[in-house]
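**Student:** What follows is a predicted protein model with its sequence.
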Amino acid sequence: MQDLKQTKAKQVKQNRRKKEKRPFHWRNLLLRSLRVVIATGSGFLLVCGALLTAQLLLESGYFDVRLVRVEQNQRVNEGEILAASDIKEGDSLFELDLHMIGTKIEENPWIARAEIERVFPDSVVIRVQERVPRAIVDLDYLYYVDAEGVVFKMLDHQDNLGFPVMTGIDRQSLLEAKGIAKEWLKAGLELMNVLEKRELFNLDDVSQVHYDEQQGLVLFTYHWGVPIHMGRGGFADKLDRLERIYPELEPRLASLSYIDLNVADRVIVKVESRRSAEPS
């Protein structure tokens with residue numbers, strides 16, 4: 001009788017694959033390891049070499065400042081800007097605080113913006129944007145104001161007075177940036193912009209722009225100081241009406257009390273002789 005257990009054991013042995021032992025290639029492993037070590041070492045040496053070169057260049061003075069150039073300045077002379085920058089020959093380009101330098105230069109009231117640029121290997125460029133006066137505003141003292149409504153400089157004896165003067169703006173409200181003062185300052189500048197484009201009656205005919213809390217903006221003529229009530233808007237249309245009759249009014253300015261442009265489609269002229277207003 002056949003031994004089933006032996007037969008089954010033989011079949012199991014025959015069904016199993018024989019595992020062959022593969023040799024371990026130590027040489028390949030060593031070659032791979034060697035390549036990794038060489039690559040890592042090369043990278044390390046390159047970094048060290050770059051750092052050493054940079055250190056040598058810094059210590060040699062290669063990146064020291066030798067030239068500072070000022071651009072786009074007209075009113076403020078180059079010497080003032082250089083003095084404010086406090087950049088000295090021999091300073092390292094890398095140690096310059098560009099933001100702080102720009103802030104120092106912008107402390108000059110005429111400088112709206114200062115941009116500082118490193119130009120390798122040894123130069124610095126300072127580009128400035130200067131403020132341009134648009135008018136003079138009376139805030140107990142006279143100040144320049146630019147086209148953006150920024151009050152930027154108190155006038156001294158050397159400054160040009162040949163600008164329209166804005167009055168009636170409250171100093172404290174403006175300093176505290178309260179809305180109403182800023183609003184009327186900008187409205188006055190807007191009126192000046194409209195006047196600048198006129199032919200028969202323009203900025204040359206105006207000596208003062210006044211803000212009145214009740215009446216809004218009031219112009220004063222350059223000759224005889226006649227008030228022209230402009231109100232709170234619609235300046236272009238009002239000046240259109242004025243220009244239609246201004247050639248007739250101009251010779252009579254000395255006898256006028258005021259001109260009112262706040263009535264639609266009318267020009268109200270008040271004569272000094274206390275006669276009733278004459279609609280035109």
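**Tutor:** Looks like it came in fine. Numbers count the residues shown, from 1 in each chain.
**Student:** Check which helix or strand the residue nearest the centre of the chain maps to.
**Tutor:** Geometric centre of the chain, nearest residue: Arg113, 6.1 Å, by C-alpha atoms, centre = their mean. Using DSSP states H and E, Arg113 maps to strand 111-119.
**Student:** ok, back up a step: near the residue nearest to the residue nearest to the centre of the chain when sequence neighbours are not counted, how many other residues are there?
**Tutor:** Once flanking residues are discounted, Arg113 sits nearest to Gln129: 4.3 Å by C-beta to C-beta, 6 or more residues apart in numbering. Glycine gets a C-beta too; all of them are placed from N, C-alpha and C. Look at Gln129: counted by other C-beta atoms under 10 Å, it has 13 neighbours.
**Student:** What helices and strands are in contact with the host helix or strand of Gln129?
**Tutor:** Using DSSP H and E, Gln129 sits within strand 123-130. If you count contacts as 3 or more C-beta pairs under 8 Å, 6 or more residues apart in numbering; DSSP states H and E, strand 123-130 packs onto strand 67-71, helix 78-85, helix 98-105, strand 111-119.
**Student:** who wins for proximity to His157 among the ones you listed?
**Tutor:** Closest approach to His157 among the helices and strands packed on strand 123-130 is made by helix 78-85 (18.4 Å; C-beta to C-beta).
**Student:** what packs against the closest one?
**Tutor:** Helix 78-85 packs on strand 67-71, helix 98-105, strand 111-119, strand 123-130, going by 3+ C-beta pairs under 8 Å, 6+ apart.
**Student:** before we move on, which element is Arg198 in?
**Tutor:** Take DSSP H and E as the rule and Arg198 turns out to sit in neither a helix nor a strand.
**Student:** Distance check, it against Met166.
**Tutor:** 18 Å (C-beta to C-beta, to the nearest Å).
**Student:** before we move on, what about Glu71?
**Tutor:** Distance from Glu71 to Met166, by C-beta to C-beta: 33 Å.
**Student:** Neighbour count for the two, which is higher?
**Tutor:** Met166 (26 against 12).
**Student:** Against Lys186, how distant is the residue lying closest to the more buried one once chain neighbours are set aside?
**Tutor:** Closest residue to Met166 apart from its sequence neighbours, by C-beta to C-beta, 6+ apart: Val137 at 4.5 Å. Val137 sits 12 Å away from Lys186 when distances are taken as C-beta to C-beta.
**Student:** In terms of neighbours, single out the busier of those two.
**Tutor:** The residue with more neighbours, out of Val137 and Lys186, is Val137; 25 against 14, by other C-beta under 10 Å.
**Student:** which ones are touching the more buried one?
**Tutor:** For Val137, the contact set (C-beta atoms under 8 Å, 6 or more residues apart in numbering) comprises Tyr143, Tyr144, Val145, Val151, Val165, Met166, Thr167, Ile169, Leu185.
**Student:** and Asp212, how many neighbours?
**Tutor:** There are 14 residues near Asp212, going by other C-beta under 10 Å.
**Student:** Spit out the contact partners of it.
**Tutor:** Gly168, Val218.
**Student:** Per-residue pLDDT of Asp64, please?
**Tutor:** We have a pLDDT of 92 for Asp64.
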